[in-house]
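1. just to be clear, the model below is a prediction. Sequence and coordinates:
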There are 2 protein chains.
Amino acid sequence: MKDARPCSIAGTLALVGEKYSLLVLREVSLGARRFDQLVRNTGAPRDVLATRLKRLVDAGVLEKVAYSDRPRRFEYRPTRAGLDLEPVLLTLMAWGDRHLNAGDRPMVLEHSGDHELVPVVTCAECGEEVAHDDVTAHPRAAGWTVTGPTAA
Amino acid sequence: MKDARPCSIAGTLALVGEKYSLLVLREVSLGARRFDQLVRNTGAPRDVLATRLKRLVDAGVLEKVAYSDRPRRFEYRPTRAGLDLEPVLLTLMAWGDRHLNAGDRPMVLEHSGDHELVPVVTCAECGEEVAHDDVTAHPRAAGWTVTGPTAA
DNA sequence: CTTGGCAAGTTTGAAAACCAAACCCACCAT
DNA sequence: ATGGTGGGTTTGGTTTTCAAACTTGCCAAG
């Protein structure tokens, strides 16, 4: 997925935006780490899963660890970079819960063992929840002329 | 993208996870709202863009508004549901900034006009930043046997 | 009144990705 | 030997993607 602009959103999507990649990350975060589990739980065709796993390992998001020699077998674990993608999964889930499955969520998350996790994006500087109107974009790289009448 | 499990992450990705959809959302959020602008700024082929836009409008994420009759021309605006996807864009961008472009970010966001926006996912219940180890999953729907030795 | 240009798509034909099913390999248990 | 398991790779057919060319409706200039 090449983008016309230099952009971290596009860059991240180029890595994990292909079909099934984020579902693999979900599974691996939840503890399902073997090839056949990933096939079952994501629904990905085996060959597609194989290429995704290669890509994610190359990108340093997962690591392939042998859990048995003779027969040699592997599992896939999230690296630090992989765990750092959890916020993406949480915001995707929050949106789906609100706009797709409002009323009966397929899964509920518990936070610190004593309350429900309600994910919100806030600003680490001021602690406030981020609202659309409070954000202004400042391009630093070339290629960012926002050609629009309603440019933000 | 059909998933083997009922899941809000998979559901959301089924809607906005196809190639270019989130880049379209980025552009529309930034103010670029016409067809040709979206072609230029996302790099999507025209026909792909046309199908993505139809899908996003059908899903209620964008709305198609005529800005001129005779010649009839349209722009695409984010709905509430569309703006609610901004947290996803912010977390994707944050990850890319940290793991892809560390050091020279292509774009910086300003918050409330007086400081840099540093997006973090927190829990609305307790206000704490969400760390991987503090989260436990509680499936509510069928299809969620986490078949793993290391199940979380 | 014909030519040119712009915006928003649609059409076309070839290349790439996806898919399900079958296959392969190493090993272990029966 | 036979069957089962885990982790893939191969095969062949369907679906998407792609870039480029084309279409439609309108206005402006020559």
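-> It's in. Residues are numbered from 1 along each chain as shown, chains lettered A, B, ... in the order given.
2. for the strand or helix carrying A:Val65, give the mean pLDDT please.
-> Following DSSP states H and E, one finds A:Val65 within strand A:62-68. The average pLDDT within strand A:62-68 is 97.
3. dump that strand to PDB, restricted to CA.
-> Provided in PDB are the C-alpha atoms of strand A:62-68 (Å, rounded to 0.1, in the frame of the first residue of the first chain):
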ATOM      1  CA  LEU A  62       6.600 -11.000  15.800                       C
ATOM      2  CA  GLU A  63       9.400 -13.400  16.600                       C
ATOM      3  CA  LYS A  64       9.500 -17.000  15.600                       C
ATOM      4  CA  VAL A  65      10.500 -19.200  18.500                       C
ATOM      5  CA  ALA A  66      11.100 -23.000  18.400                       C
ATOM      6  CA  TYR A  67       9.100 -24.700  21.100                       C
ATOM      7  CA  SER A  68      10.300 -28.200  20.000                       C
END
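4. give me the buried positions along that strand.
-> Buried residues in strand A:62-68, counting neighbours by 16 or more other Cβ atoms under 10 Å in any protein chain shown, are found at A:Leu62. Every residue, glycine included, has its C-beta placed from N, CA and C.
5. show me where pLDDT drops low in chain A?
-> Regions of chain A meeting the criterion pLDDT under 70 cover residues A:2, A:146-152.
6. and A:Thr91, which of the three is it?
-> helix (DSSP: H, G, I helix; E, B strand; the rest coil).
7. dump the residue contacts of the closest residue to it other than its chain neighbours.
-> Once flanking residues are discounted, A:Thr91 sits nearest to B:Pro87: 4.2 Å by Cβ to Cβ, 6 or more residues apart in numbering or on different chains. Counting by Cβ atoms under 8 Å, 6 or more residues apart in numbering or on different chains, B:Pro87 touches A:91, A:94-95, A:120-121, A:130, B:119, B:121.
8. can you list the residues of chain A near DNA strand D?
-> Within reach of DNA strand D by Cβ under 7 Å from any atom of the strand, chain A has these residues: A:1, A:34-37, A:46-47, A:50, A:53, A:64, A:67, A:71, A:73-75.
9. out of those, who's nearest DNA strand C?
-> Taking Cβ to the nearest atom of the strand as the measure, DNA strand C sits nearest to A:Pro71 out of the residues of chain A next to DNA strand D, at 3.7 Å.
10. what's the local residue count around the closest one?
-> A:Pro71: 5 surrounding residues under other Cβ atoms under 10 Å in any protein chain shown.
11. one more: A:Leu109?
-> For A:Leu109, the neighbour count with other Cβ under 10 Å is 20.
12. which residues does it bridge with?
-> Beta-bridge partners of A:Leu109, counted by DSSP bridges, are B:Ala137.
13. any idea how far it is from A:Thr79?
-> Going from A:Leu109 to A:Thr79 by Cβ to Cβ, to the nearest Å gives 22 Å.
14. go on, A:Glu129?
-> Relative to A:Thr79, and taking Cβ to Cβ, A:Glu129 is found at 30 Å.
15. which residues touch A:Glu129?
-> A:Glu129 makes contact with A:120-122, B:124, according to Cβ under 8 Å, 6+ apart.
16. let's go with 7 Å and repeat that
-> Contact analysis of A:Glu129 by Cβ atoms under 7 Å, 6 or more residues apart in numbering or on different chains lists A:120, A:122.
17. next, count neighbours for the closest residue in space to A:Gly113 that isn't next to it in sequence.
-> Nearest-residue entry for A:Gly113: B:Thr136, 6.9 Å, with adjacent residues in sequence omitted and distances by Cβ to Cβ, 6+ apart. As a burial measure, B:Thr136 scores 13 neighbours (other Cβ under 10 Å).
18. let me see the contact set for A:Val61.
-> Neighbouring residues of A:Val61 by Cβ under 7 Å, 6+ apart: A:16, A:79, A:81-82, A:85.
19. buried subset of the residues you listed, written for ChimeraX?
-> Buried subset of these, written as a ChimeraX selection, criterion 16+ other Cβ under 10 Å:
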select /A:16,81,82,85
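20. of the contacts of A:Val61, which belong to helices?
-> Judged by DSSP state H, the subset of these located in helices is A:16, A:81-82.
21. buried set for stretch A:108-118?
-> For stretch A:108-118, burial by neighbour count (16+ other Cβ under 10 Å) applies to A:109, A:111-112, A:117-118.
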